[in-house]
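Asks: sequence first, then the predicted structure, then my questions.
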Amino acid sequence: MTAPLLEVTDLRTWFATARGEIKAVDGVSFTINPGEVLGLVGESGSGKSITGFSIIGLIDEPGRIVEGSIKLEGRELTGLSASELRQIRGKTVSMVFQDPMMTLNPVLSIETQIRLALEAHEKIGADEARRRAIAALAQVRIPDPEIKVDYYPHQFSGGMRQRVAIAIALLHRPKLIICDEPTTALDVSVQAEILSEMKELVAELGTALIWISHDLAVVASLADRVAVMRYGQIVETGAALDVLTHPRHDYTKGLLDALPSRAKPGEMLARGADADAVPPPREAATHEVPPLGSPYLVIEDAVKIYQKPAGLIQSLAVRAGWAAPEPIVRAVDGVSLTLHRGEVLGLVGESGSGKSTLGRMAAGIYAPTAGTVRLNGKAVMSGGRSPVKITTRVQTIFQDPFASLNGRMRIGDIIAEGPIAHRLITRRDAPDYVGRWLAAVGLDPALSNRFPHQFSGGQRQRIAIARALAMQPDVVVCDEPVASLDVSIQAQIINLLIKLRRELDLSLIFISHDLSVVRHLCDRVAIMYRGRIVEEGGAAEIYDNPQHDYTKRLLEAVPVLPEAAE
Amino acid sequence: MLVFVLQRLWQAIVVILAMSVLVFCGVYAVGNPIDVLISPDATQDIRAAVIAQYGLDLPLWQQYLGFLGRLIQGDFGHSFVYNMPVSDLILSRLPATLELTLTAVMFASLVGIPIGIYAGYRPHSPVSRAIMAVSILGFSVPTFWFGLMLIMLFAVQCGCMPAGGRGETLDLFGVPFSFLTLDGMQHLLLPALNLALFKFSLMIRLARAGTREVMLSDTVKFARAAGLSEFTVLSRHVLRLISIPLVTVFGLELGSTLAFAVVTETIFSWPGLGKLIIDSITSLDRPVMVAYLMLVALLFIVINLVVDLAYALLDPRLRKGRA
Amino acid sequence: MRETTPLSRFLSEFSSNRTAAIAAVVVLLIVAIAILAPLVAPQDPYDLANLVLRDARRPPGYVGTQGYVHWLGTDSQGRDLLSAIIYGLRISLEMGVIAGGIAFLIGAFVGTSAAYVGGRFESLIMRIIDLQLSFPAILLAFVIAAMLGQGRYQLIMALIFAQYAYFARTAHGAASAERQKDYVEAALSVPLSHTRVVLKHILPNSLPPLIVVGTVQVASAISLEATLSFLGVGLPPTEPSLGMLIANGFQYLLSGRYWISIYPGIALILFIVSLNLVGDQIRDQLNPRLRR
């Protein structure tokens, strides 16, 4: 048995705030051996990132390590001076961050950024630095490194940027790399590439890795050992396969059970069905509605084009051939899609596929550049130069519940505003109506005079659902409604959607990048890629027997949890 | 890039035209234009002759075209007060103003920015708090009052500095400058300090705000995680990131410093353009006012153009975008 | 959980900064004094009966012929300087608040509607605003004052014209940021009418940055007015604002009678500094990247 590379004992990192100490990390102990990959898993606020920053000595004010020891190759790191810590950072321990858009400096070339990182630990000439920079880019499989080394960050895609960040982290052959959610901001297919490359690189270089993530499946595909964190403490640690197939701690079990990929499609997830109240009756007519299963919301040849309007001089220059015209972005490029009444249609795609734009056209928020969107035969938006939405039968739930609620209104007013404006209810009935909807989404009706900032993310998403449903729609467009929520909260919201959909005979368009959530919730699935739908069909058929290459790649890229051998 | 430059030039022409219309309406059409052209004690015959000569009996738009034509030829007319061509008058006063303005702006930027970066880097240290107290004071004190205080303290009470004038000057390329002689430097110091105070405080505030935000960004965290020293982080990463807003403000402020030179020059009797325009407003010397306004408009356009080009140099995202 | 509104949360955070809290109290105090000037000031500086030439240019603490102490001395016409300052503040404040208020309304309307309408209308309006911003306020005010002549209405117009662009720029920035946010799309998806979306959703949310600009601009309007009056192109001598008082004292400064210029200046600076401190604190509170 070799000596451990890193030994963390009883680490406590607290943040002093006006409301007392926040114990972000509260007694964490673990060890890593040379070349080992440790997955550090937890939901938001569990202290997993702060643990990583504590090791590398980069805790933001007002945080500080109040207790505990961090030993790197037997040397104590806590209490080291700033310059001693700097000697270690980048040299022995380096770090990769979550969002590659934010980490690289947008106004410095890649060569400059790599050279600065090289100069931090060695004396090096310009030519040698350039040679090393090119070699570093080649190592992380960036094509044409001789050319790309002169690029600026904005000329790279997200995945390429993260590769550059990894190249910088690897420059001095560190013994340990800490990766803080490095693939969370990336698309599934890019994530899969980075994961497999990372696996090879650490094996090749013998680097130990701490992989911090909220995603159990990602960690499972990479880590030798897993540590599960909650409330600043490690609740369970062990060999990756062991922890993920035979969890001992209730919290780990709950976390695994909350995953839609481990449940039967369409069923309530294990964590937290809690809203039992029946929603108020829908007085707004449902008499003209076609029977369940017939075509309801019909999108035909929808196109959405974005182009910056050219000025006078620019138009002249383009005509004279001196300049290229402004690029045309075809966000949605001729899509026809039919939502049948009562079904849940999943719209799957990676970032930039146009799925959100299509969803917003279906919801009557954007007018299509060409093509039509009709609900039960009637247009969703009026025509003319400035089209407005004319139906209230389609409503929307947005991704980020922090952004989708107006922070200056009480939640009761947020929910009642639309119904009152469209005379579904009178101002006098509003309190009662709001209360019943709050109960239906599992919130206490007494909270209706609170403001959004007084609620958690999951509660806010419930409010957003109540707002959409209070308009008594038949169709609800859900744009990534669970993407920004923790796994256990995600399970509650999914359960709520399943319940309400059954009770109200709703038809849903469910937009998501998360294939397992879509599989769990949707009857039919449409796969979007570059503004077009490449494949469409029943959920089971597509997942079991994908036809289009893109769908196949997408499904293969999804990291899967190891199944327990029963 | 070509399109970008063309667009800017086109805008510049539009601005100059708009400005000329405004100035024409403001200075000529509002008052009685005849008063502008001849002295009040001229005879009736001369009056009529001048009206015909300058076409003042023509419709307004024809008059405007004539005005524009003379502008393009650089003919701004004669000053009543100084009885010399306005263009010569302006050119003789311009160097003094430019010297004062550039000294002030250079001082404000070269000293203000590093101090501001420090205050943003250590926002809670006592030194930073002191810097911020000074800057908020400098930001609030009206320029003219600060000028009065400077004169009172250094010229009246202590007597160690001259209270006004340019002092001894030395010619460089045939243009007199104060900063080349010791006496001139002494005369330059107080007005430059007076004019610089506001910009100085502004630069501190901007550099501090920018640094504070950038220091919390992942870019800086990542650079630190790679082991870069704090000095490298500040000098290579932070300075480059905050330079874009700073350059914008630098350009805007160069313009407004020119404008505020009016106040400083009045207080310190600095014989520059600002003093000239104040005198011409009080003595209704309209040709001078017109020329001054058009010159200022032109300067602004040049400054804005330079700032835009500097942008493209500083921000690679724009450079590629415009290519 | 105590029931908190966004306003009460804002106020409790604001008062946690002691400097800003004191500054806010000073601002309110000065405003109160200015409004209540006739009740607070020891003398009515406009009352010609109070002007005794023998009392002119007396230093602070001088006991005048009318029997009371001139705590801050007297000016060149024998006016009690403290009273003159209080009345001067009243005029300065009036100018600043009227000009700032109207500029606020015009700017907020222009900026918000440009952001909401978008397209060519937006780019045209914003081009004009940008142009005006690149032209220093003092010069604009100067030109207008020179063109329209002296007088309070001319001065107010000059100040409005010099300042509305700042409000418009800020309102435009805030409103276009808000326009992109999900809650506006949520409102459009209901659908709610454009008027309601602008008035109930976008405007209240773009108000805070406008308030910050408002404090700074009222401060700078007062400073600008003082500067213009000092240069002799602002208010007529019949309405002695602080700037005029300082200008009147300028000629006596060199002969050592410092108080005639200094005390009005200190009153002016105290007010502007306090306003700027208040604005700074609000700005810091609004910056999401600086909050924890």
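Replies: That came through fine. Numbering: from 1, shown residues only, chains lettered A, B, ... in the order given.
Asks: closest to the centroid, which residue in the chain?
Replies: The chain I'm using is chain A. Note on chain A: the residue nearest the mean C-alpha position is A:Ala483, at 5.0 Å, using CA atoms, centre = their mean.
Asks: think we crossed wires, I meant chain C
Replies: Residue closest to the mean C-alpha point of chain C, counted by CA atoms, centre = their mean, is C:Val218 at 1.7 Å.
Asks: excluding chain neighbours, give the residue nearest to the residue nearest to the centre of chain A in space.
Replies: Closest residue in space to A:Ala483, ignoring its immediate chain neighbours: A:Gln399 at 5.4 Å, by CB to CB, 6 or more residues apart in numbering or on different chains. C-beta here means a position set from N, CA and C on the backbone, and glycine is covered the same way.
Asks: any part of stretch C:11-23 near chain B?
Replies: No: using CB under 8 Å from any CB of the partner chain, stretch C:11-23 stays clear of chain B, coming no nearer than 9.0 Å.
Asks: same check on stretch A:179-190?
Replies: No: Stretch A:179-190 is not in contact with chain B by CB under 8 Å from any CB; minimum separation 9.8 Å.
Asks: the strand or helix carrying C:Arg169: how far from the chain's middle?
Replies: Element membership for C:Arg169 (DSSP states H and E) is helix C:152-180. On the basis of CA atoms, centre = their mean, to the nearest Å, helix C:152-180 sits 13 Å off its chain's mean C-alpha point.
Asks: can you pull the contacts of the residue lying closest to B:Gly210 once chain neighbours are set aside?
Replies: Leaving out its chain neighbours, the residue that sits closest to B:Gly210 by CB to CB, 6+ apart is B:Ile242, at 3.4 Å. By CB atoms under 8 Å, 6 or more residues apart in numbering or on different chains, the contact set of B:Ile242 is B:117, B:206-207, B:210-211, B:214.
Asks: which element, helix or strand, includes the closest residue in space to A:Gln547 that isn't next to it in sequence?
Replies: In this structure, A:Gln547 finds its nearest non-sequential neighbour in A:Glu535, 5.9 Å apart by CB to CB, 6+ apart. Using DSSP H and E, A:Glu535 maps to strand A:532-538.
Asks: name the residues that touch that strand?
Replies: A:333-337, A:354, A:523-528, A:542, A:546-548, A:550-551.
Asks: roughly how far apart are the residue in chain B positioned nearest to chain A and B:Ile13?
Replies: Closest to chain A within chain B is B:Gly227: 2.9 Å, counting by CB to the nearest CB. Distance of B:Gly227 to B:Ile13, given as CB to CB, to the nearest Å: 52 Å.
Asks: what's the neighbour count on the residue of chain B closest to chain A?
Replies: Neighbour count for B:Gly227, taken as other CB atoms under 10 Å in any protein chain shown: 26.
Asks: so it sits against A:Lys91, correct?
Replies: Yes: B:Gly227 lies in contact with A:Lys91 (CB atoms under 8 Å); the separation is 5.8 Å.
Asks: and the pLDDT for the residue lying closest to A:Leu504 once chain neighbours are set aside?
Replies: Nearest non-adjacent residue to A:Leu504, counting by CB to CB, 6+ apart: A:Pro279, 6.5 Å away. For A:Pro279, the pLDDT comes out at 80.
Asks: so who does A:Pro279 touch?
Replies: A:436-437, A:440, A:469, A:500, A:503-504.
Asks: in space, what's closest to the residue of chain B closest to chain A - neighbours in sequence excluded?
Replies: Closest to B:Gly227 by CB to CB, 6+ apart is A:Gly90, at 2.9 Å.
Asks: show me what contacts that neighbour?
Replies: A:Gly90 sits next to A:117, A:120-121, A:169, A:171-172, A:174, B:225-228 when contact means CB under 8 Å, 6+ apart.
Asks: report the mean per-residue pLDDT for the strand or helix carrying A:Val332.
Replies: Counting by DSSP H and E, the element that carries A:Val332 is strand A:329-340. The pLDDT scores in strand A:329-340 average 92.
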